[in-house]
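[1] A structural model of the following input is requested.
(one chain, ligands or ions: 2)
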Amino acid sequence: MAAAAAAREDETASYMQQFDGRLNKYDFHLEEIPRLSHKDRRAEALIAAEKPVVLTGTSLVKTALKWSLPYLEANLGSGDCNVYESKTNRFKYYDDKKLTSTPDFKFVPPTHLRQMTFSEFVTELRQCEKNPKRKKRVYLQQPLNDTVGPAIVRDFVHFDWEWLRENQSRCNWGPLTSNLLLVGMAGNLTPAHYDEQQNFFCQVEGQKHCMLFAPDQFENMYPYPIGHPCDRQSQLVLEEPIDSNVFPNVSKLRGVHTVVGPGDVLYIPMYWWHQIQSLADGEHTTSVTFWYRAGPSPKEIKWPLSVEQKVAVTRNIEKMLHEALKDPNEVRHVLRMIVDGRYSATNWKTPYEGMEKPV
Ligand code: OGA
Ligand code: FE
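    Numbering: from 1, shown residues only. Ligands and ions are numbered 1, 2, ... in the order given. Okay, here's the model as predicted:
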C-alpha cells in the first residue's frame, strides 16, 4: 500500500516538475492534485468525497478536442458572445446586479463586458496578441446554447453524457445547469473565487494552471462581503506579495494545484476556491465547463456540520442581514452587537451560565 502510494506521488511529482519555472511563484504551500484514469476507483472515491482530481483518458469532450479557433469560427454560429475586456491579465468576476446596492462606495468594474460574434472576437484576440505590452486583453466566456451551428450541436451530442449521468447519480448531484465555453489569451487569469455548483472543468486547447483551496480555507481567503459585487471572490491578489498586517491569516493558507492540458478533466468541487491561469508562455486556451447544482440536502443532518454546510449557513445569515438592512455598515454594527453583547468571551463567565449540563 505504502509503496503504491509512494509510486503514485512520484508519478504526480514528475508530472508537475515539467512546469518548473513556467508557473508564477507563490508564497503559500501547494500540494499536487492527483491525476488518475477516470476508470480508477480512487478517482471515483475522490469525486464522491468532494475532493479535486484530474481525470485522464475520459472521452467526455473528445469531440471538442478539434475546436480550434478556425473550427469554432466556422461553426459556432453568428450569434453574439460575451467577451470580457481587461487592462491587466486579471479577469475578476463581478455581479453587476449588485452594483447599486452599496451606495457608500463607488465600485469600479475590473473588466468590461462586450458582445461580439466569435469571428469578431478572433480578430480582437489576434490584435491584442500582437500588442507586445498587452495593455488590453480579451476573454470569451459564452454559455453553449441553441444558437450554435449544426457541427457544434453534433459534437455536443457526442459528449460522454452516459459517464456524466453515472457520476451525477452516484454523487447525488442536481441537474446540469450550463456549459460555459472559455477562450482566453495566454496569461489570462481568473482570480480566486468559489462557485456554488459542482464542476467538471474540461480542457480543450492549451494549458491552464489551476490552484484550488479547500472550503476550510474560507477565513484565510478573505472573501468580500455577500452584498459586494465581488461576492464569492477573494480580496487577496495571490500572485503578488500579500501584506500580512492586513491579511494575517495568509500565513495559514494552503492549497493544491495542477496544470491541465487538452483532454484533461479537473473536478472542481462546490465551495472549493479556485484561481485559474492560462500558461503565460503558451498559446490561447479553450475550456468547457459542466456545472451541476448540488443535490438535495441529506435527510439526516449530522453535527458538527461540515465546513461546506457552515459556509452555506454563513452565506444565508449574511444574505438575510444584507437584504434586511441594505447598508453594509449596519450589517457590521448588528453582527458586532450580537457578538460583543452576548457571544464574546468577556461577557461570558462560563458558556450558558446558569444552565446545568444534563447528566
Ligand atoms: C470555473 C472557472 C475560470 C477559467 O470553471 O469555475 O472559474 O478561467 N473558470 O477557466
Ligand atoms: Fe469558477
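[2] Up against ligand 1, what does the stretch 201-350 of the chain have?
    Residues of the stretch 201-350 of the chain lying close to ligand 1 (Cβ under 6 Å from any ligand atom) are F201, I268, H274, I276, S287, T289. To be clear about C-beta, it is placed using only N, CA and C from the backbone, and glycine gets the same treatment.
[3] let's see 5 Å
    F201, I276, T289 (Cβ under 5 Å from any ligand atom).
[4] Helix or strand: which one has the first one?
    If I follow you right, that is F201. strand 198-205 (DSSP states H and E).
[5] Packing partners of that strand?
    Packing partners of strand 198-205 (3 or more Cβ pairs under 8 Å, 6 or more residues apart in numbering; DSSP states H and E): strand 265-268, strand 285-292.
[6] Next, work out how far apart the residue of the stretch 201-350 of the chain found nearest ligand 1 and P223 are.
    When scored by Cβ to the nearest ligand atom, the stretch 201-350 of the chain has I276 as its residue closest to ligand 1, at 3.9 Å. From I276 over to P223 the distance is 17 Å, taken as Cβ to Cβ, to the nearest Å.
[7] Which residue ranges of the stretch 251-359 of the chain form helices?
    In the stretch 251-359 of the chain, the helices defined using DSSP state H, counting those that start in this stretch lie at 307-325, 328-338.
[8] which of these sits most buried?
    Counting by mean count of other Cβ atoms under 10 Å, helix 307-325 has the highest mean neighbour count of the helices of the stretch 251-359 of the chain, with a mean of 15.
[9] Torsion angles phi and psi at the closest residue to C171 other than its chain neighbours?
    For C171, ignoring the flanking residues on the chain, the nearest one in space by Cβ to Cβ, 6 or more residues apart in numbering is A48 at 5.7 Å. The phi/psi pair for A48 (degrees, to the nearest 10) reads phi -60, psi -30.
[10] Equivalent analysis for S78, please.
    Reported as degrees, to the nearest 10, the phi and psi values for S78 are phi -100, psi 10.
[11] ok, how many other residues are close to the residue lying closest to it once chain neighbours are set aside?
    In space, S78 comes closest to T117 once its chain neighbours are excluded; the distance is 5.6 Å by Cβ to Cβ, 6+ apart. For T117, the count of nearby residues is 16 (other Cβ atoms under 10 Å).
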